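coordinates for the following, if possible.
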Amino acid sequence: MTHNTICLWFASDAEGAARFYAQTFPDSAVTGIHRAPSDFPSGKAGDVLTVEFTVVGVSCLGLNGGQAFTHSEAFSFQIATEDQQETDRYWDAIVGNGGQESACGWCKDRWGISWQIIPRALADALAAGGDEARRAIEAMMTMTRIDVAAIEAARHGG
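Residues are numbered from 1 along each chain as shown. Got it, this is the predicted structure:
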């Protein structure tokens, strides 16, 4: 276990989520599955209790803790993409696997975890500041999935 690990509470399918993330994102893997040694409030002895995994190199622990807590947009994974093709691939994987679209590059997976799928073109426009950033933000505010060409056009005044 690393010194700093993000713990994500799942109702009951931490393993399914971890396997999906490992299949979807580079530098991601399921690294350990731990079963409960005895009954616990939301499960029985032998059920998967925790799952160790990485998401794009970030150490995570999934805890099957039952229905007591749910995820919110207050926590999200932000994935930087190189182009529209990569943006579309991640977006389609998350939304197409029982997730849902939100606004401004945000979507939520079937387990309730929020994701920001952000093309570098948008990050670059924001870093440029001034009118470029303002135009890019104004364009982004009209989008669900980020459209790289529209961000570039807005950034450059088009």
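
let's see whichever helix in the chain runs longest as PDB, backbone CA atoms only.
Scanning the chain for the longest helix, with DSSP state H as the assignment, gives helix 84-96. C-alpha atoms of helix 84-96 as PDB (Å, rounded to 0.1, in the frame of the first residue of the first chain):
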ATOM      1  CA  GLN A  84     -11.100  14.500 -29.800                       C
ATOM      2  CA  GLN A  85     -10.600  10.800 -30.500                       C
ATOM      3  CA  GLU A  86      -9.200  10.100 -27.000                       C
ATOM      4  CA  THR A  87     -11.900  12.400 -25.500                       C
ATOM      5  CA  ASP A  88     -14.600  10.500 -27.300                       C
ATOM      6  CA  ARG A  89     -13.100   7.100 -26.400                       C
ATOM      7  CA  TYR A  90     -13.100   7.800 -22.600                       C
ATOM      8  CA  TRP A  91     -16.500   9.600 -22.700                       C
ATOM      9  CA  ASP A  92     -18.200   6.800 -24.700                       C
ATOM     10  CA  ALA A  93     -16.700   4.100 -22.400                       C
ATOM     11  CA  ILE A  94     -18.000   5.800 -19.200                       C
ATOM     12  CA  VAL A  95     -21.400   6.900 -20.500                       C
ATOM     13  CA  GLY A  96     -21.900   3.800 -22.600                       C
END
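
could you look up the SS state of the spatially most central residue of the chain?
The chain has Trp115 as the residue nearest its centroid, 3.2 Å off, counting by CA atoms, centre = their mean. Under DSSP: H, G, I helix; E, B strand; the rest coil, Trp115 falls in the strand class.
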